[in-house]
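>>> Output the structure for:
(one chain, ligands or ions: 1)
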Amino acid sequence: MDFKRPCIIDHMQFDSEVLRLTDDVTQQLNSKYGLQCSPNLAPLVFAIYNTSRSKFDIAQCGVYEGATLLGIAETCRFLGLDAHIYGFDSFDGFPKNIDCDYDKPMYFKTLMSEGKIDKAHYDQAFIRTSAFTNDSHLDKTYFSIDKEKLLQRVATYNNITLIDGDFDRTLSAFRESIDLLHLDCDLYMSYCTSLTNLYPLLSSQGRVVFDEYYSLKYPGAREAVNRFFKERSSEGVFLRFRHGDFERWLLKKH
Ligand SMILES: C[S@@+](CC[C@H](N)C(=O)[O-])C[C@H]1O[C@@H](n2cnc3c(N)ncnc32)[C@H](O)[C@@H]1O
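Predicted coordinates:
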């Protein structure tokens with residue numbers, strides 16, 4: 001897929017059932033765990049709601065405190081769907097401090113000059129990263145968590161497996177077939193490793209949700225997705241969702 005000329009099928013609005021379910025799950029997470037789900041839950045609810053499969057397995061790369069992981073689990077529970085959910089993370093933040101040029105905020109300038117993002121995206125990223133000078137979100141400790149708390153929350157579900165460690169080690173050992181892949185791992189290399197190892201495990205009509213294709217902090221995710229799908233444009237269609245000011249992207253395999 002050449003994302004300079006994205007194959008956008010639709011500037012999609014979520015239908016009312018998906019929005020209602022997203023709201024219900026969001027409220028549930030808030031009242032049960034005090035977790036705030038960002039708008040990134042809606043495309044996942046859309047993918048889960050619209051499946052015709054009776055068994056639906058899901059992998060998430062980037063769990064952090066578990067807001068969307070538990071949102072996915074609650075959505076499947078609401079729908080009575082037989083699903084298993086695999087959550088991959090170091091559960092200790094990024095494996096190392098990040099020093100990859102694609103991940104530095106300055107890389108938004110390159111994306112803009114190569115026509116890979118639009119002016120609105122560039123301007124928002126400029127503001128969000130204090131004129132591309134703030135890169136505190138690349139620090140190893142940026143996503144440190146209280147792992148015990150996450151384990152307690154996850155223990156109340158019998159269909160979640162957490163897989164702990166650097167993706168370089170954990171993803172190549174994974175062999176299960178999956179129907180939905182949620183990428184929420186920010187970094188160029190983390191996206192590359194996730195796609196290389198897990199995309200081949202996606203079922204024939206599988207879905208991939210890219211949390212950071214329109215990131216205002218992490219330009220490397222967009223670069224990784226563009227490169228990975230450059231030679232695979234015939235394998236599916238890319239749907240662009242707008243929720244508020246923010247875009248989320250979903251690949252729907254044929
Ligand atoms: C944006 S957070 C995930 C947010 C989460 N999905 C939520 O709902 O709040 C990104 C996560 O990816 C993890 N991560 C990124 N690269 C990784 C890698 N190479 N190996 C293991 N974990 C990684 C970080 O530890 C962090 O917890």
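>>> For the stretch 101-250 of the chain, which residues are neighbours of the ligand?
143, 166-167, 184-187, 190 (Cβ under 6 Å from any ligand atom). Where you see a C-beta, it was placed from the backbone N, CA and C, and this is true even at glycine.
>>> what do you get if the cut-off is 5 Å, keeping everything else the same?
For the stretch 101-250 of the chain, the residues in contact with the ligand (Cβ under 5 Å from any ligand atom) are 143, 166-167, 184-185, 190.
>>> I'd like to know which helix or strand in the chain has the lowest mean pLDDT.
One helix or strand of the chain scores below all others by mean pLDDT, DSSP states H and E: strand 8-12, with a mean of 61.
>>> Restrict the next helix or strand along the chain from that one to CA atoms and write it as PDB.
Later in the chain than strand 8-12, the nearest helix or strand by DSSP states H and E is helix 16-33. Extracted in PDB, the C-alpha atoms of helix 16-33 (Å, rounded to 0.1, in the frame of the first residue of the first chain):
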ATOM      1  CA  SER A  16     -25.200   3.800  16.300                       C
ATOM      2  CA  GLU A  17     -24.900   0.300  17.600                       C
ATOM      3  CA  VAL A  18     -21.100   0.500  17.600                       C
ATOM      4  CA  LEU A  19     -21.200   3.900  19.300                       C
ATOM      5  CA  ARG A  20     -23.600   2.700  21.900                       C
ATOM      6  CA  LEU A  21     -21.500  -0.400  22.700                       C
ATOM      7  CA  THR A  22     -18.400   1.700  22.800                       C
ATOM      8  CA  ASP A  23     -20.000   4.000  25.300                       C
ATOM      9  CA  ASP A  24     -21.300   1.100  27.500                       C
ATOM     10  CA  VAL A  25     -17.900  -0.600  27.600                       C
ATOM     11  CA  THR A  26     -16.100   2.700  28.300                       C
ATOM     12  CA  GLN A  27     -18.500   3.300  31.300                       C
ATOM     13  CA  GLN A  28     -17.900  -0.200  32.500                       C
ATOM     14  CA  LEU A  29     -14.200   0.200  32.500                       C
ATOM     15  CA  ASN A  30     -14.400   3.500  34.300                       C
ATOM     16  CA  SER A  31     -16.700   2.200  37.000                       C
ATOM     17  CA  LYS A  32     -14.900  -1.200  37.500                       C
ATOM     18  CA  TYR A  33     -11.300  -0.100  37.200                       C
END
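>>> Check which helices and strands helix 16-33 is in contact with.
If you count contacts as 3 or more Cβ pairs under 8 Å, 6 or more residues apart in numbering; DSSP states H and E, helix 16-33 packs onto helix 41-49, helix 67-79.
>>> So for it, what gets flagged as buried?
For helix 16-33, the neighbour count (16 or more other Cβ atoms under 10 Å) marks 18, 21-22, 25-26, 28-29, 33 as buried.
>>> Listing request: residues of the chain with sub-threshold pLDDT.
Segments of the chain classed as low confidence (criterion: pLDDT under 70) are 1-12, 244-245.
>>> Going by residue numbers, what spans are helices in it?
Taking DSSP state H as the criterion, the chain carries its helices at 16-33, 41-49, 67-79, 107-113, 119-128, 147-154, 167-170, 188-198, 219-229.
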